[in-house]
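Trainee: How does the following fold in three dimensions:
(4 chains)
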Protein chains: 2
Amino acid sequence: MKELLPHFNSHFSIDCILFGFDEGELKVLLIERNEEPFKDWWALPGNLVSESESLDQSASRILHELTGLDNVFMEQFYTFGDVGRHPQGRIISVAYYALLRLGGDKALKPLSTYAKQAHWINVNELPQLAFDHQKIFDQGLEKIKRRIKHQPIAFELLPEKFTLTQLQNVYEVILGKKLDKRNFRKKMLSFSVLKDLNEKQKGVSFRAATLYRFDKRKYGKLFAKEISF
Amino acid sequence: MKELLPHFNSHFSIDCILFGFDEGELKVLLIERNEEPFKDWWALPGNLVSESESLDQSASRILHELTGLDNVFMEQFYTFGDVGRHPQGRIISVAYYALLRLGGDKALKPLSTYAKQAHWINVNELPQLAFDHQKIFDQGLEKIKRRIKHQPIAFELLPEKFTLTQLQNVYEVILGKKLDKRNFRKKMLSFSVLKDLNEKQKGVSFRAATLYRFDKRKYGKLFAKEISF
DNA sequence: AATATACAGTGTATTTATTACACTAAGTAA
DNA sequence: TTACTTAGTGTAATAAATACACTGTATATT
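Mentor: Next comes the predicted model:
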């Protein structure tokens, strides 16, 4: 059967933008490459897609290999296929972003030979990136800026229990602007998707805030319309 | 260089949803396949991507081969890569939609051997489709439903000069609901992107409406926020 | 015990946007 | 002249977005 298809020496890969939120900052996981091309450059984690796995599976695998995590929110957002994007041949790359809860530094797994190290880097302090990864990153960031106004993705970056101020920080850091505290709270609570846990923060050196949980059951498919702040 | 990459017998293809608007209806171009697999089934037009063309170029080529048209609005919207989606092997497909102005029936080019015929079919009367093309179509339609609220894509489906009623029809048929005439006009005109041509429709058997043109220069990158109707 | 600090938590008034709704005007066709 | 068909128009009511500043409460410091 397969011989019906012409043979092109083409490949696909997955590139992943792993976003994490920690200490009020939006961070992204970058690896330092250990192989040509772009040896010693920083890059988004990625890998070729094997014949036996779907795109989603491949993206999950890459994430798992780096972080040891499963069941992380991931979404495909664009496919990059310019002819010259990879110096070693035709490689089309399907890009995903993932959103994950960083508690301190999420333990990073031992890396395979293709990377020397991996670091969480503030999105406002990115080094120069290999390949067309800057373009991929820019598009991914744009994507989550739009997404966060329509879908409840902010919760994916927070621990299960969070305060309204932490939630507001996620919106602020992704949208890149300060929001009004009273208006933010009013609107968020109006969606009725936050469950008040009648519980307070612990271990803070000032007045503890109320903890909330995102209530998936109360959430329809989309916020009725775009959230505007 | 290329021998550094492992050899997987994988391919990519492009599948295109060609949307057209004609006589108040939203239509899509389907081909009837002339080859196995899915011989005699209806399908979205598509083709393998050759090594020397970018994804966008490949999509434009497919559209050109079918319709003879160039410079048509196209946008990539999702990549489908489930392992079993193509019975003849691993084929990952990058999906595009295109929006085009149908004047009567846009002349369809002679088709290559892989299709017997091509037809413009009302999106509400689709036959059963080959491969996972129903899923691709559904996602494409969802995409333009969201897009039309944020970006001026409706104009791509209309002739250069159009009436406000025609524009409203485009919105109605894509969103799948009736809109209020006065509110629609008020809001559309408030964006200041329509140029009144001081010109009337011709050849209509009733009162002729004013013609407008979309003014790209007056249009920023996005409508300020989602358009709600 | 008193005080300073740091963040939590709250309400109102104004402006802007959305919605609902029905008739007259103008051209064509018979 | 009349009937028909679509064009074109405004207002009032409701809902949403915005701008804005102080008090409350727990902790830490002296």
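
Trainee: what packs against the helix or strand in which residue A:145 is found?
Mentor: Residue A:145 is part of helix A:133-147 when elements are defined by DSSP states H and E. With contacts taken as 3 or more C-beta pairs under 8 Å, 6 or more residues apart in numbering or on different chains; DSSP states H and E, helix A:133-147 sits against strand A:10-22, strand A:73-80, strand A:90-101, helix A:164-175. The C-beta positions use only the backbone N, C-alpha and C, and glycine is treated the same way.

Trainee: Are stretch A:206-217 and DNA strand C in contact anywhere?
Mentor: Yes. Looking at stretch A:206-217 against DNA strand C by C-beta under 7 Å from any atom of the strand, the contacts come from A:206-210.

Trainee: how long is that stretch from one end to the other?
Mentor: Start and end residues of stretch A:206-217 are separated by 33 Å (C-alpha to C-alpha, to the nearest Å).

Trainee: Which positions in it come out as buried?
Mentor: Buried residues in stretch A:206-217, defined by neighbour count with 16 or more other C-beta atoms under 10 Å in any protein chain shown: A:211-214.

Trainee: Could you export the helices and strands packed on helix A:133-147 as JSON lines, including distance to residue A:44, mean neighbour count and mean pLDDT?
Mentor: Formatted as JSON lines, the helices and strands packed on helix A:133-147 follow (distance: least, C-beta to C-beta, whole Å; neighbours: other C-beta atoms under 10 Å in any protein chain shown; pLDDT from 0 to 100):
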{"stretch": "strand A:10-22", "distance to residue A:44": "5", "mean neighbour count": "23", "mean pLDDT": "94"}
{"stretch": "strand A:73-80", "distance to residue A:44": "11", "mean neighbour count": "19", "mean pLDDT": "98"}
{"stretch": "strand A:90-101", "distance to residue A:44": "8", "mean neighbour count": "24", "mean pLDDT": "96"}
{"stretch": "helix A:164-175", "distance to residue A:44": "18", "mean neighbour count": "18", "mean pLDDT": "97"}
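
Trainee: Excluding covalently adjacent residues, which one is nearest to residue A:178?
Mentor: Nearest non-adjacent residue to residue A:178, counting by C-beta to C-beta, 6 or more residues apart in numbering or on different chains: residue A:172, 5.9 Å away.

Trainee: Does that neighbour touch residue A:179 like I think?
Mentor: Yes. Here residue A:172 reaches residue A:179: they are 5.6 Å apart, a contact under C-beta atoms under 8 Å.

Trainee: Residues in contact with both of the two, list them for me.
Mentor: Among the neighbours of residue A:172, none is also in contact with residue A:179 (C-beta atoms under 8 Å, 6 or more residues apart in numbering or on different chains).

Trainee: Please save the CA atoms from stretch A:58-66 in CSV.
Mentor: C-alpha atoms of stretch A:58-66 as CSV (Å, rounded to 0.1, in the frame of the first residue of the first chain):
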residue,chain,number,x,y,z
SER,A,58,4.0,13.1,20.4
ALA,A,59,3.6,16.4,22.1
SER,A,60,2.6,14.7,25.4
ARG,A,61,5.6,12.5,25.1
ILE,A,62,8.0,15.4,24.7
LEU,A,63,6.5,17.1,27.7
HIS,A,64,6.7,14.0,29.7
GLU,A,65,10.3,13.3,28.8
LEU,A,66,11.3,16.8,30.0
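
Trainee: farthest pair in the buried residues of stretch A:206-217?
Mentor: Pairwise distances across the buried residues of stretch A:206-217 peak at 11.5 Å for A:211 and A:214 (criterion: C-beta to C-beta).

Trainee: ok, how many other residues are close to residue A:137?
Mentor: Look at residue A:137: counted by other C-beta atoms under 10 Å in any protein chain shown, it has 20 neighbours.

Trainee: what's near enough to touch residue A:102?
Mentor: Going by C-beta under 8 Å, 6+ apart, residue A:102 touches A:20-22, A:27, A:120.

Trainee: With distance to residue A:51 added, can I get those in a markdown table?
Mentor: Output for the contacts of residue A:102, formatted as a markdown table (distance: C-beta to C-beta, whole Å):
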| residue | distance to residue A:51 |
| --- | --- |
| A:20 | 31 |
| A:21 | 35 |
| A:22 | 37 |
| A:27 | 33 |
| A:120 | 32 |
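
Trainee: just checking: which of those also lie near chain B?
Mentor: Among the contacts of residue A:102, no residue lies close to chain B (C-beta under 8 Å from any C-beta of the partner chain).

Trainee: Roughly how far does residue A:116 sit from DNA strand C?
Mentor: Using C-beta to the nearest atom of the strand, to the nearest Å, residue A:116 is found at 36 Å from DNA strand C.

Trainee: Helix A:164-175 and the one helix or strand that residue maps to, what's the angle between them?
Mentor: Assigned by DSSP H and E, residue A:116 belongs to strand A:115-122. Strand A:115-122 and helix A:164-175 are oriented at 110 degrees to each other (axes from the mean of the first three to the mean of the last three C-alpha atoms, to 10 degrees).

Trainee: buried residues in strand A:115-122?
Mentor: Neighbour-count burial for strand A:115-122 [16+ other C-beta under 10 Å]: A:115, A:118, A:120-121.

Trainee: and if you look at stretch A:182-196?
Mentor: Using 16+ other C-beta under 10 Å as the burial criterion, the residues of stretch A:182-196 that qualify are A:184-185, A:188, A:193-194.

Trainee: how about a markdown table for those residues, with secondary structure, distance to residue B:110 and pLDDT added?
Mentor: A markdown table is the format used below for those (DSSP: H, G, I helix; E, B strand; the rest coil; distance: C-beta to C-beta, whole Å; pLDDT from 0 to 100):
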| residue | secondary structure | distance to residue B:110 | pLDDT |
| --- | --- | --- | --- |
| A:184 | helix | 59 | 97 |
| A:185 | helix | 63 | 97 |
| A:188 | helix | 58 | 96 |
| A:193 | coil | 55 | 95 |
| A:194 | strand | 60 | 96 |
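
Trainee: so which of those are also by DNA strand C?
Mentor: Checking those against DNA strand C by C-beta under 7 Å from any atom of the strand, the ones in range are residue A:185.

Trainee: Quick one: end-to-end distance for stretch A:208-216.
Mentor: First residue to last in stretch A:208-216 (C-alpha to C-alpha) measures 25 Å.

Trainee: Give me the contact list for it.
Mentor: With contacts defined as C-beta under 8 Å, 6+ apart, stretch A:208-216 is touched by A:152, A:155, A:160-165, A:167, A:193-202.

Trainee: next one: stretch A:82-93
Mentor: For stretch A:82-93, the surrounding residues in contact (C-beta under 8 Å, 6+ apart) are A:8-15, A:37, A:46, A:48, A:79-81, A:131-132, A:136, B:1-2, B:4-5, B:12, B:49, B:51-55, B:92, B:94.
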